[in-house]
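Participant: the following comprises the amino acid sequence and a computationally predicted model.
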Amino acid sequence: MTDVASIQSTMAALVAQVEAYNYAYFVADNPLVPDSEYDRVYQALVKLEHAYPAYRLPYSPTMRVGGTKAASFRPVHHTVPMLSLDNAFSDEEVLAFAQRLSERLKTGGMDVDANLAFAAEPKLDGLAVSLSYYQGEFIQGSTRGDGQTGEDITANLKTIRTIPLKLHGAKIPGVLEVRGEVFMTKGGLSALNKRQKDIGDKVFANPRNAAAGSLRQLDPEITRLRPLQFFAYGLGQVQNWPMPTTHSQVMAQLSAWGIPVPPISAVVQGIAGCLRYYYDLQSKRDQLPYDIDGVVYKVDDLRYQQALGFVTRAPRFAIAHKFPAEEQLTQVLAIDFQVGRTGTLTPVAHLSPVLVGGVHVSNATLHNIGEARRKDVRVSDTVIVRRAGDVIPEIVSVLIDRRVPGAPVLELPPVCPVCGGRVVKPETMAAARCSAGLSCPAQLRESLQHFVSRKAMAIDGIGDKWIEQWVEKGLVHNPSDFYHLTLTSLLQCDRMAEKSAQNILHAIEASKQTTLARFLYALGIREVGEATAKALADHFLTLEAILAAEVETLQQVPDVGPVVAEALYLFCHTEANLKVIQALRAAGVSWPRVSVDAIGANPFKAKTVVLTGTLAQLSREEAIERLQRLGAKVTGSVTRKTTWVVVGANAGSKLARATELGIEILTEADFLTKLRDSEQSYA
Ligand code: 5U1
């Protein structure tokens with residue numbers, strides 16, 4: 001082989017290798033090699049191309065970067081127009097579509113039965129593009145534009161690594177135009193928005209805007225940094241290719257050549273099959289990594305497609321069955337602040353009612369004052385409201401150009417809107433809080449609801465309505481007052497029957513026997529959720545020990561960091577809280593006390609242990625199981641919170657780390673003695 005031939009063949013082999021790695025990583029989601037190997041091969045290609053630029057292949061993956069900045073986008077004429085789709089918004093409209101199809105086919109002499117096959121596909125919420133391949137090489141890419149003329153965005157499309165620059169496989173047509181959608185995954189969008197926020201740039205309201213904004217960049221270097229993806233949905237111009245007989249076969253062939261197609265497409269039978277596909281995908285919609293706004297049904301048989309033809313801008317053989325929109329425009333009627341259990345002020349926008357994703361929405365959360373100000377939502381604004389899955393409706397963004405001049409900026413109320421208490425907002429926090437504690441009726445109501453809830457004191461039969469009445473009538477000022485309710489006081493309440501009152505009193509009485517973890521959780525201490533309450537109870541064993549602990553001591557508990565420790569310390573050193581605790585205990589709330597003997601006998605309880613090296617007398621699994629039975633937490637890395645590091649043969653870096661941090665080290669013999677002693681007296 002001549003030198004030139006050898007350079008060219010090495011270059012072609014490197015190109016093929018990098019593209020194979022790209023395909024496996026980006027399309028098949030199944031990486032073939034670690035990143036370091038990818039980088040090595042890629043750099044070898046870059047080096048060779050740098051040394052011999054004349055032999056650089058036009059479809060080399062290095063051509064995905066470094067496109068020059070354009071002054072504008074050139075127009076591109078679509079020889080085969082890029083159509084759009086008719087929409088159906090209900091099952092009835094889909095049935096009418098099917099009816100039209102079969103009538104038209106019958107008139108044309110084709111008698112189709114009710115089980116006509118349809119290709120069913122997700123309808124992605126992105127931007128339609130056309131990719132032109134000549135002899136298998138990607139030569140041009142364009143937007144849809146008005147369907148007849150689009151814009152040349154070749155350089156930008158080349159940066160999308162799932163779009164093959166060269167098709168692989170057999171019988172590739174001389175001319176092939178692939179139509180499809182460029183989109184951004186939900187994860188890609190949130191990562192991009194985080195980056196945008198960090199650099200103070202504008203964030204995108206949805207994946208569609210993000211995809212469109214990214215593709216219409218004059219500088220491909222910007223597009224390259226955007227996490228764009230592509231799925232094909234059909235063909236434009238094709239030359240020198242024996243067409244398969246169905247759309248699904250076309251899609252399978254595109255996939256075989258390396259073009260990404262949606263993995264959740266299916267061939268279904270009749271309209272019943274279409275609707276089943278629709279409802280199935282609708283129920284999985286939230287779990288998909290990308291946004292879809294409906295599904296598309298296409299008559300699968302290409303002869304039927306041909307016979308059905310087109311109306312002005314849409315094919316007769318296909319229809320988009322849209323999901324109920326998850327975003328709608330509406331108007332902000334008012335914004336008020338709701339006060340939560342721990343005093344947090346949450347701005348809530350009251351909206352002109354709209355149907356979003358099939359549900360009536362008239363309120364949306366603005367999360368906190370920081371977020372409301374970032375979005376700059378004002379009363380009278382026209383806003384995009386969004387509801388996805390079970391999530392509380394939220395305002396995505398404001399249509400600034402529709403703002404009424406002079407609409408006032410949202411201000412934090414100077415005092416709590418419920419109790420008039422002082423409102424505080426530390427500079428570093430996004431949320432503001434009412435500082436009045438339980439003397440604020442809103443915080444009191446929420447705290448009482450929390451106190452009686454299932455995972456806290458589990459007092460059955462006390463609904464929000466009763467709590468509201470008791471607070472209003474002054475029967476309950478803090479959780480300990482539940483334990484002083486009497487039949488007489490309960491019967492003063494509207495619509496309280498004697499039987500219900502007795503049931504409530506019975507449930508209150510039964511709740512007195514509880515556990516330390518439940519009691520701690522029920523107190524509603526800021527930052528102390530159910531798991532933290534359990535960890536605290538396991539670690540300290542007694543309430544007195546928790547109340548007496550310093551911030552540093554509290555932080556020895558697994559998963560308790562400085563923020564939780566500070567909040568807990570503050571709670572334990574606030575007079576009003578101590579009084580409530582005292583009153584609860586005086587009313588008879590109690591839990592089994594752990595005897596001092598038991599504490600002494602079980603040194604492993606709530607301790608964090610790391611095992612390192614090989615133990616001779618018991619397997620690692622057995623050691624972990626026995627430790628966990630004694631209430632220890634076994635972790636994989638040595639930190640300041642580790643109590644003991646058990647060292648077997650050939651211990652390595654963990655032993656060194658333990659020594660560095662001054663953590664107590666147990667030999668296997670020490671460990672076994674301690675373990676057996678504990679098991680005898682405790683397990
Ligand atoms: N999945 C899918 N989306 N989509 C959009 N298929 C599909 N087909 C389209 C369009 C505009 O048009 C062809 C039927 C021409």
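Facilitator: That came in fine, so what should we check first? Predicted, not measured: the structure shown is a model, and the values here were computed from it. Numbers count the residues shown, from 1 in each chain.
Participant: does Phe138 sit in a helix, a strand or a coil?
Facilitator: strand (DSSP: H, G, I helix; E, B strand; the rest coil).
Participant: got a list of what it touches?
Facilitator: Tyr59, Leu131, Ser132, Leu157, Lys158, Ile163, Pro164, Leu165, Lys166 (C-beta atoms under 8 Å, 6 or more residues apart in numbering). Yep, even glycine has a C-beta here, placed from its N, CA and C like the rest.
Participant: if I look at the fifth one, how far off is Arg195?
Facilitator: Using C-beta to C-beta, to the nearest Å, one obtains 22 Å as the distance from Lys158 to Arg195.
Participant: more neighbours: which of the two?
Facilitator: Lys158 (22 against 13; other C-beta atoms under 10 Å).
Participant: and this protein, what are its domains?
Facilitator: With domains defined by automatic domain parsing, the chain comprises 4-64, 97-322, 327-415, 436-510, 516-586, 596-681.
Participant: low-confidence regions, the stretch 151-300 of the chain specifically.
Facilitator: Along the stretch 151-300 of the chain, no part satisfies pLDDT under 70.
Participant: 80 - rerun?
Facilitator: Within the stretch 151-300 of the chain, the ranges that satisfy pLDDT under 80 run 198, 200, 202, 205-206.
Participant: need the strands for it, in chain order.
Facilitator: Taking DSSP state E, counting those that start in this stretch, the strands of the stretch 151-300 of the chain run over residues 175-184, 228-239, 266-269, 292-299.
Participant: one step back: and of the contacts of Phe138, the nearest to Ser255?
Facilitator: Pro164 (11.0 Å; C-beta to C-beta).
Participant: tell me the predicted confidence for Ala548.
Facilitator: pLDDT, Ala548: 93.
Participant: roughly how far apart are it and the ligand?
Facilitator: Between Ala548 and the ligand the computed distance is 65 Å (C-beta to the nearest ligand atom, to the nearest Å).
Participant: can you report how many residues lie near that residue?
Facilitator: 11.
Participant: that one: what's it in contact with?
Facilitator: Per C-beta under 8 Å, 6+ apart, neighbours of Ala548: none.
Participant: report all helices and strands that the helix or strand in which Ser447 is found contacts.
Facilitator: Per DSSP states H and E: Ser447 is located in helix 441-452. Using 3 or more C-beta pairs under 8 Å, 6 or more residues apart in numbering; DSSP states H and E, the elements in contact with helix 441-452 are strand 327-339, helix 464-472.
Participant: so for the ligand, which of these sits nearest?
Facilitator: The ligand lies closest, by C-beta to the nearest ligand atom, to one member of the helices and strands packed on helix 441-452: strand 327-339, at 19.1 Å.
Participant: buried sites along the closest one?
Facilitator: Buried residues in strand 327-339, defined by neighbour count with 16 or more other C-beta atoms under 10 Å: Glu327, Gln328, Thr330, Gln331, Val332, Ile335, Phe337, Val339.
Participant: the third one and Ser362, how far apart?
Facilitator: Right, Thr330. Taking C-beta to C-beta, one finds Thr330 at 9 Å from Ser362.
Participant: between those two, which contacts overlap?
Facilitator: In contact with both Thr330 and Ser362: Leu351, Ser352, Pro353, using C-beta under 8 Å, 6+ apart.
Participant: just checking, the second one touches Gln328?
Facilitator: No. No contact is recorded between Ser352 and Gln328 when judged using C-beta atoms under 8 Å, the distance being 10.2 Å.
Participant: can you pull out the helices in the stretch 251-400 of the chain?
Facilitator: For the stretch 251-400 of the chain, the helices defined by DSSP state H, counting those that start in this stretch cover 270-284, 302-308, 369-375.
Participant: what comes into contact with the second one?
Facilitator: Translated: helix 302-308. Residues outside helix 302-308 that contact it (C-beta under 8 Å, 6+ apart): 101, 104-105, 108, 110, 112, 116, 243-247, 250, 298-299, 315-317.
Participant: point out the residues in the stretch 1-150 of the chain that sit beside the ligand.
Facilitator: Leu83, Ser84, Leu85, Glu121, Lys123, Ala128 (C-beta under 6 Å from any ligand atom).
Participant: and the fourth one, helix, strand or coil?
Facilitator: Spelled out, that is Glu121. Strictly by three-state DSSP, Glu121 counts as strand.
Participant: and the stretch 301-450 of the chain, which residues reach the ligand?
Facilitator: So far as C-beta under 6 Å from any ligand atom goes, the stretch 301-450 of the chain lies against the ligand at Pro315, Ala318.
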